[in-house]
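Peer 1: return atomic coordinates for the entry below.
(2 chains)
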Amino acid sequence: MTVPLSYYLALSGIMFLTGVIGVLLRRNIIIILLSVELMLNATNINFVAFSQYFHNVAGQVFVFFTLTVAAAEVAVGLAIVIALYRSKSTINIDEFQLLKW
Amino acid sequence: MEQAFFFYFAFVIAVTSVLVVALRNPIYSTLALLIMFFHVAGLYVTLHAEFLAAVQIIVYAGAILVLYLFVVMLLNLKQDVRYHRQWPIAATVGVALVIEAIILTAMKGWTSPVVAAGTETAVGGAGNTEAIGDVLYTTYLFPFEVASLILLVAMIGAVILAKKELVEPAES
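Peer 2: So this is what the prediction gives:
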């Protein structure tokens, strides 16, 4: 394996950081969900890189479970987005303050 | 050669992930994410996880991204407004994570850990799919069943949440 493991970790760190900043910075709920997908993909790259490095296939199995959770998150999240859009005709998160103290 | 592939995939992944966050139009963000998914799949191929690469393309690019595009076009969004005024918090968290990463790499250096002498299941070789299936249906059988339950709950939840009667309470 000519590419060191730390390169994959650096790439995954950059992706995860971009996702965190996207969640905190954007106002569009759909973009926030996309940023969550970014973070999930960063962890997936970590899993696969470690799995290849330690010659253990369990990491790739856990990528499967991450995929399952990502699919569930997208389905429920987009349904919530549609319900919110029906109630307020916007998906700007600043408009939804019902649960704020 | 392998390094050239890695740097190509890593560069495109980093650029498109920044574009996902930075672009104003949600459709462009989604399409940037699509490009990123394809390159992550390519990265999986260079890591000898061919089955995961195929699953990445089928599930992420085929199902999840289509769902996102469908919702973006269904809601008919205008151009997005400015960034959130929460940017000091975002900058604080980002800088803290970067500093943490720098400290960790400075402490440990860039030396790679010792490769575990493999008594475990081999990853590469002839049957990547076979190896995954072997572990998935024996060692991880119970989490696999729990995952199917999660999918069922998500399916029911999505159907209930997207129903019209949620907003105005039903008379019955």
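Peer 1: which secondary element of chain B has the worst mean pLDDT?
Peer 2: The weakest-scoring helix or strand in chain B, judged by mean pLDDT, DSSP states H and E, is helix B:87-108 (a mean of 82).
Peer 1: point out where the chain drops to low pLDDT.
Peer 2: All of this is about chain A. Across chain A, the ranges flagged by pLDDT under 70 are A:1, A:101.
Peer 1: switch to chain B, that's the one I care about
Peer 2: If you take pLDDT under 70 as the line, chain B has these spans: B:78-85, B:109-127, B:165-172.
Peer 1: is A:Leu25 in contact with B:Ala90, as I believe?
Peer 2: Yes. A:Leu25 lies in contact with B:Ala90 (Cβ atoms under 8 Å); the separation is 4.8 Å. No exception for glycine: its C-beta is placed from N, CA and C like everyone else's.
Peer 1: neighbour-wise, which of those two wins?
Peer 2: A:Leu25 (21 against 18; other Cβ atoms under 10 Å in any protein chain shown).
Peer 1: what about B:Ile89, neighbour count?
Peer 2: When neighbours are counted by other Cβ under 10 Å, B:Ile89 comes out with 12.
Peer 1: which SS class is B:Leu77?
Peer 2: Under DSSP: H, G, I helix; E, B strand; the rest coil, B:Leu77 falls in the coil class.
Peer 1: relative to B:Ile64, how far out is it?
Peer 2: From B:Leu77 across to B:Ile64, the span is 19 Å (Cβ to Cβ, to the nearest Å).
Peer 1: what about these two, which has more around it?
Peer 2: Shown here are B:Leu77 and B:Ile64; by other Cβ under 10 Å, B:Ile64 has more neighbours (23 against 18).
Peer 1: contacts only, for the nearest residue to the more buried one once chain neighbours are set aside.
Peer 2: Once flanking residues are discounted, B:Ile64 sits nearest to A:Val74: 5.1 Å by Cβ to Cβ, 6 or more residues apart in numbering or on different chains. Applying Cβ atoms under 8 Å, 6 or more residues apart in numbering or on different chains, we find A:Val74 in contact with A:33, A:37, B:64, B:67-68.
Peer 1: closest to A:Thr2 out of those?
Peer 2: Checking the contacts of A:Val74 against A:Thr2 with Cβ to Cβ, the nearest one is A:Glu37 at 29.4 Å.
Peer 1: isn't that closest one right next to B:Leu33, touching?
Peer 2: Yes. Taking contacts as Cβ under 8 Å, A:Glu37 lies within contact range of B:Leu33: 6.6 Å.
Peer 1: buried ones in the helix or strand containing A:Arg86?
Peer 2: Of the helices and strands defined by DSSP states H and E, A:Arg86 is found in helix A:58-88. For helix A:58-88, a neighbour-count test (16 or more other Cβ atoms under 10 Å in any protein chain shown) marks A:58-65, A:67-68, A:70-85 as buried.
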